[in-house]
Each structure stands twice: as C-alpha cells, then as structure tokens.
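Novice: Sequence and predicted structure, then a few things I'm wondering about:
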Amino acid sequence: MADKDKKVKKKKAKEDAPAEEAPAAAAPAGDRQSSRGSRKAKRTGSNVFSMFSQKQVAEFKEAFQLMDHDKDGIIGKNDLRATFDSLGRLASEKELDEMVGEASGPINFTQLLTLFANRMSGGSDEDDVVINAFKTFDEEGKIDSERLRHALMTWGDKFSADEVDEAYDQMDIDDKGYIDTTKLIAMLTASAEEEEGGEAA
C-alpha cells in the first residue's frame with residue numbers, strides 16, 4: 001500500500017511540475033500583452049484592411065453580403081450568377097469561371113478586399129494592357145482622335161460624349177486631329193509621384 005501511495009505522489013509531482021514550468025515559459029509572451037485582435041491579424045497574414053478607409057471597408061462588406069446569396073461567407077460561381085441575374089444581366093459559364101479564377105482561393109471577404117486592392121494598386125500588367133490597347137490604334141506614332149472617340153463610345157464600357165471630351169481636354173491633339181501615341185501612353189501610365197514631379201517642374 002505504501003508503494004502505491006508513493007507512485008501516486010510521484011505522479012502528482014510530475015503533473016504539477018510541468019504546470020509550474022508552463023507559466024514561466026508563457027511569461028515572456030505575457031509581457032507583450034498582445035490583444036486578441038492583433039493575434040487575429042497575425043493569423044491572417046494580411047494587411048489589406050490598412051489599404052482602405054473604414055468607410056470603404058464597410059461599403060465592401062455591404063457589397064459582399066449582397067453578393068453572398070447563400071450566406072455561407074464565400075462568394076462562389078452560383079453567388080455571382082445570382083448577383084448578375086438580380087442586375088438583369090446573364091453571365092456565361094466562361095465569364096463566371098474567369099471571375100472565380102481570379103482569386104487564389106475561395107472568395108471570402110478578405111480575399112475580395114485583396115482582389116480590389118490588387119486592381120486599385122495598378123501594376124506593370126495593367127500598364128502593359130494600356131500600352132497594348134492604345135498601340136492597336138497607333139499609326140506611325142499617332143492616333144486618329146475620331147477613330148479613338150468612336151471606339152470609346154461604341155465598345156466595352158462605353159464612354160459618353162462628355163466623358164470623351166473631358167479626356168481629350170487632357171491630351172495634346174494636333175491640328176489634323178491626331179494624338180501623339182507616346183505622350184498619351186506616358187500620361188496614362190505615369191505614377192502619381194511622376195505626375196506630381198512633372199507639375200512641380
């Protein structure tokens with residue numbers, strides 16, 4: 001019986017010892033007193049929220065909730081289809097697949113913000129798209145402004161006549177109605193810093 005009591009006491013001593021060591025090991029982390037919110041931020045590994053104002057995040061959240069028709073926290077192909085249907089537009093399977101495929105994973109709210117952030121931040125790919133688009137109108141370094149006007153008002157996201165006029169006010173158009181392609185591309189692909197530097201000079 002005495003041997004059994006000794007074993008129980010040894011077992012209890014072993015159980016108590018790690019419990020005493022654990023608070024000591026946790027003490028350095030306790031010195032930081034990190035909040036629960038900061039631990040969440042570390043887990044997501046994303047600072048995409050810092051790219052938008054609180055108002056913008058709230059608006060994106062509202063839009064996300066409107067698009068998440070099945071209310072599962074993920075925007076899938078069926079959610080996108082329902083969103084387009086509610087807007088009176090039919091989307092093809094290919095369009096829906098391309099939209100869902102833009103995300104690196106399931107489109108939860110953080111992923112949606114990341115997609116918007118990537119679109120808004122611009123980048124070399126977008127510059128390449130702009131350059132290639134305007135080079136299709138290029139004729140020996142010049143773009144026919146009337147041909148470009150027609151294209152802007154006819155295809156894709158159609159511009160109104162006022163929008164084209166407003167854009168043309170920013171461009172150098174010669175007496176014959178031609179736009180210098182190089183200057184136009186430079187103006188459209190310039191970063192905000194380059195534009196500010198150009199205005200200061």
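Specialist: Cool, the structure landed.
Novice: show me the contacts for K61.
Specialist: F109 (Cβ atoms under 8 Å, 6 or more residues apart in numbering). C-beta: built from backbone N, CA, C; applies to glycine.
Novice: oh, I was asking about K142
Specialist: Counted by Cβ under 8 Å, 6+ apart, K142 has contacts D174, Y178, I179, D180, T181.
Novice: Whichever of the residues you listed end up buried, select them in ChimeraX.
Specialist: Command for ChimeraX, covering only those of the contacts of K142 found buried under the criterion 16 or more other Cβ atoms under 10 Å:
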select :178,179,180,181
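Novice: Okay, helices next: where are they in this structure?
Specialist: For the chain, the helices defined by DSSP state H occupy 2-32, 36-44, 54-67, 77-86, 93-101, 109-121, 124-135, 145-154, 161-169, 181-189, 192-200.
Novice: got the buried residues for the fourth one?
Specialist: By neighbour count, with 16+ other Cβ under 10 Å as the criterion, the buried positions of helix 77-86 are D79, L80, R81, T83, F84.
Novice: which one of the residues you listed sits closest to T189?
Specialist: Of all the buried residues of helix 77-86, T189 sits closest to L80, with 30.5 Å by Cβ to Cβ.
Novice: measure the closest one to R89 for me?
Specialist: Separation of L80 from R89 (Cβ to Cβ, to the nearest Å): 11 Å.
Novice: same deal with K71?
Specialist: With Cβ to Cβ as the criterion, K71 and R89 are 22 Å apart.
Novice: Now do stretch 154-166: distance from first to last residue.
Specialist: 17 Å (Cα to Cα, to the nearest Å).
Novice: Settle this for me: P106 is touching I74, isn't it.
Specialist: Yes. Judged on Cβ atoms under 8 Å, P106 makes contact with I74 at a distance of 4.8 Å.
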